[in-house]
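Peer 1: What follows is a predicted structure for the sequence shown.
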Amino acid sequence: MSTDFNDLLRDAEQMTAQIDKENVGVPRLERTLSQLFEVNKKKLAKSANVLSSDSNEINASILLACKGIDAPKLTQTIENLNIQPVVQPAAKTPLTTTDTFSPFDKFASIEQLRDIDLPSFLKTEKESVLMSIIEETRHKTNQEIEDSFLASNELEWEKQKQKIMTELLGSFNSDISVSSTTTSTLNLRQASVNPQARTVMSDIEMEFAKHIYLYNQKILTNEQPKPDLVQNFNLLIKKLNDKNLEDLWEMINTMTKIPSMNFDETKANYLDRNNSIQTQTHFVHQAITHLEHSFKELIQTTVNANLKQAKLGGGLGTLRLVSGYLRLSSSEKYHQFSEETFDDKQPLWPTIYLCLRCGDIEAARQIALTTKKDDIANYLDEIIKDKASKTTRGHLNQMTENKLKIEYKSRIKRVNDAYKRAVYCYLSRYSGDDESINEVLDNVDDFLWFKLNSVVFNKDLQSANPSDSLTFQEFQTKMSIEYGEKYFTRNRNPFTYLQVLLLTAQFELAIEFLLKYETMIVHGVHMALGLFEKNMLNVIKNPISSQLFVCGESNEPKCLRRINLPILIRMYTRKFECTDPREALEYYYFLRNLKVSTQLSGDVKRISNYFAQYISELALETREFELLFGRLEKNAIRRPGVVDKFTSDEEANSIITLVAEEIENKGLIEEAVKLYDLCKQHQRVLELCNKLTSLVVTEINVPNSNRDRLKNMVMGIAMRYKTETAMTSKAIPKSIITTFYLLVDLMTFFDLYHAENWETSYETLSKLNVLPPTSANVDSKVKEFVAYSEEIKRNFPDLILAAMTIISNLYSKINTLPSRGSSFQTSGLLLGANSEKKMMLDQLKENARALIKFVGCIPYRLSGDINARLLQLEVMMN
């Protein structure tokens, strides 16, 4: 311990020395031990005073008093309370996931329980329950609103998605399905649209639709020769004054002008574009002809704009035109590599090349003769003779071509004149990977023209070295697969790629490309229709598929695409089919020969095609049945509708039957009845009428009600079928006809009954003869009841109740009449005009006995009202 005090002392001295060192000149405070004791005592007393309970209470009271709270009274109240902790049951559904309790809630509970008694407790509990119900209802309502909001957003997004999908319908690749798109969009359409509403078609769409209408008119009248739809479209586009569109349709028109076609009978008479050498030869010829014609027009336009510089003189012909063009400053590139010249320093080989490029082989031969190029002149002469012997391009024989290829590789390939190299490649149809003529082919048109001229159709027989030749299918693949859309559309006009596809006869890819642009969809669709009518469209082999475009099979070229024409037409017409159903039908008519499936309708075998299917869907969507299918006149003759223009009566009836079946499956029975009536399906009309009538036959007839509307329809059918002789030839079961007419009579009876016309209703019921008039007839009527259909049986309880009511009311009415001296107004319905009162009452009693016995015999469940009425009748008879 001493050691510890010594250490403490030493530390204290060191601290003192340190303080003295740091506080030089500052007087020190000296205190004795007694002084320190007194200071500490004062501090202790002060601390004790602060911590005293009385002081705390005073301070707390002052603080609470500022808030208006009597602290002493509150303290006493809290001390007197003996509150046991109550375990609250868990809420069935938490109001929110963030519910917390504030410390002030406890004070609120204490405040509520301060003056507690039984009525207050019950009131508090009631309010608590009500508040919890209100809060739970509020939470449930908020949740429903949120769910409704999310559902609405999802529906709106689905609409927007379908709109985007429709606008970009051409961007679907072969792996994308569009069936859900069609179904969903159809479901979002309005159920009924006024066909007289303003059209949603654009001007260009209306113009195309007009030409479609005129074309179909000529097809329906079997006009010969068959009109050319593509040429009609081409003439239409020329009125638009759009150079790009004119070039587009001019290319389509040129490529589809094939004089002789090679049909494949196994492919529904469609042109075999994949394997037929004859067809491919025609396509190549047409493409080259178009390129040559376009190039010549370009030179002519350029020269005409610079006649002074061209110095044409008075001569005509391709040679003069080319010579004038080479004099222009814009033709400088043709002089750049020229080594040989002729006549006024014109470059020799560029002149020959340009004449060939314009398609004038004779002009090129004349230049060769003039410049002593006899070998070239002979080659060109041979080509001219070969061309004269056939309708397509002329070529050298295989031996000469192979010889020229060898000469080109060994000698010509190294000359400086690029156009000379190009002429030799043209003559030999050399298509090797030779970059020596790239400077000649500086645009897409020249490249296509040169490559198409070098295309061969049988590589094995063409050259000893297959790599020197290029087949048409290989060239197609090179353009659309190896180069593709990105290559041609990158920093270039999209029409360039479209031109490549059309001139290489890749029409389906061209249509797919057009559909990617909203303003070009109309052209893509009508291009497909024009090609389809010319049997040049590769359609999908399985039209039931939901894909718009599919790739070819393994044994077909990689670049081949097949198009689902029904889906394409439906996607196009979806925009206006509700506002312009007549125009939509004109487009559907193109699908009349595309079969969907074979269906059975009763014993009749019906072949359904896409034309019929789409008309059916259109009718279901617009509900314009009268516009589409016509209506029945009073003489039971059907007034034709729009559909009758395209079909025979038999085909129209088949389509109407198809629509009626769909309508019936959707539960629209009344509309189905009218459609079945249109197509003379009388048995189905009666069956559905029985089904509908049996549900409302006992109801009170109110004007413009469902029963009133159904009654008018059924009465009209009943009156017409009684006089219509055509129905007698139909094999309709007798039970159906009997049920129908009995239900019609029962409707008349219940109308009289609800009108409280007891005498007439009694007479009508007697004529119906469905209830036993006497006890002796009960057994026979029970047998008849068993044979009735369910439509009749289900109305028997109401019929029996009505009969009991009529008998009771008549009995009471007759019973009040004098015994003699007067007769009942309608007593003739009972026993005769002069019957005694007693005889009338006896007959009513007999009717009642028979009815009571009948009720006890029929195997059918009856209501309590009937049992009560039975007791009333028994009392009446006694």
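Peer 2: On my side now, so go ahead.
Peer 1: Averaged over its residues, which helix or strand of the chain has the lowest pLDDT?
Peer 2: Lowest by mean pLDDT, DSSP states H and E among the helices and strands of the chain is helix 179-188, with a mean of 30.
Peer 1: counting contacts, what elements does whichever helix or strand comes after that helix pack onto?
Peer 2: Per DSSP states H and E, helix 179-188 leads on to helix 203-220 as the next helix or strand towards the C-terminus. Judged by 3 or more C-beta pairs under 8 Å, 6 or more residues apart in numbering; DSSP states H and E, helix 203-220 is in contact with helix 229-237, helix 521-533, helix 581-588. Any C-beta I mention is one placed from the backbone N, CA and C, and that applies to glycine too.
Peer 1: quick one, which of the ones you listed is nearest to M719?
Peer 2: helix 581-588 (32.1 Å; C-beta to C-beta).
Peer 1: Let me see the mean pLDDT of that closest one.
Peer 2: In this model, helix 581-588 has an average pLDDT of 92.
Peer 1: What lies in contact with it?
Peer 2: Residues outside helix 581-588 that contact it (C-beta atoms under 8 Å, 6 or more residues apart in numbering): 195, 201, 209, 212-213, 216, 529, 569, 572-573, 576-577, 610-611, 614-615, 618, 622, 624, 627-628, 642-643, 646.
Peer 1: Buried ones among those?
Peer 2: 195, 201, 209, 212, 216, 529, 569, 572-573, 576-577, 610-611, 614-615, 618, 622, 624, 627-628, 642-643, 646 (16 or more other C-beta atoms under 10 Å).
Peer 1: in the protein, which spans are strands?
Peer 2: Shown for the chain, the strands assigned by DSSP state E span residues 263-264, 270-271, 341-342, 346-347, 455-456, 470-471, 549-551, 561-563, 595-601, 604-609, 631-632, 638-639.
Peer 1: Please look at V642 and L628 and confirm they touch.
Peer 2: Yes: under the contact definition of C-beta atoms under 8 Å, V642 touches L628, with a separation of 5.4 Å.
Peer 1: Of the contacts of helix 581-588, which belong to helices?
Peer 2: 209, 212-213, 216, 529, 569, 572-573, 610-611, 614-615, 618, 622, 627-628 (DSSP state H).
Peer 1: Farthest-apart pair in the residues you listed, please.
Peer 2: Largest pairwise distance in the ones in helices among the contacts of helix 581-588, by C-beta to C-beta, is 24.1 Å, between L529 and L627.
Peer 1: How far away from the center of its chain is stretch 490-505?
Peer 2: Here stretch 490-505 is found 30 Å from its chain centre; the criterion is C-alpha atoms, centre = their mean, to the nearest Å.
Peer 1: Got the domain ranges for this protein?
Peer 2: With automatic domain parsing as the criterion, the domains of the chain are listed as 121-167, 204-272+471-565, 274-468, 756-877.
Peer 1: any weak-confidence spans in the stretch 251-400 of the chain?
Peer 2: Along the stretch 251-400 of the chain, the parts satisfying pLDDT under 70 run over 259-275, 314-315, 391.
Peer 1: What is the neighbour count of A718?
Peer 2: By other C-beta atoms under 10 Å, the residues close to A718 number 17.
Peer 1: How about G313?
Peer 2: 9.
Peer 1: Ok, the one 4 residues further on next?
Peer 2: Other residues near G317 number 13, with proximity taken as other C-beta under 10 Å.
Peer 1: Same check on N458?
Peer 2: 9.
Peer 1: Repeat that for F149.
Peer 2: 10.
Peer 1: roughly how far apart are it and E125?
Peer 2: 36 Å (C-beta to C-beta, to the nearest Å).
Peer 1: repeat for L678
Peer 2: 69 Å.
Peer 1: ok, now Q143?
Peer 2: 27 Å.
Peer 1: Buried residues of stretch 242-250, list them for me.
Peer 2: For stretch 242-250, by 16+ other C-beta under 10 Å, it's L245, D247, L248, W249, E250.
Peer 1: Let's see the pLDDT reported for the fourth one.
Peer 2: What the model reports as pLDDT for W249 is 93.
Peer 1: okay, how far is it across stretch 743-763, tip to tip?
Peer 2: Start-to-end span of stretch 743-763 (C-alpha to C-alpha, to the nearest Å) is 17 Å.
Peer 1: Please tell me how far it is from the chain's geometric centre.
Peer 2: Distance, centroid of stretch 743-763 to centroid of chain: 51 Å (C-alpha atoms, centre = their mean).
Peer 1: Just the residues contacting it, thanks.
Peer 2: Outside stretch 743-763, the residues touching it (C-beta under 8 Å, 6+ apart) are 689-690, 693-694, 697-701, 711, 714-715, 718, 764-765, 768, 791-792, 795, 798-799, 802, 805-807, 809-810, 813, 825-826, 829.
Peer 1: Cool, thanks, talk later.
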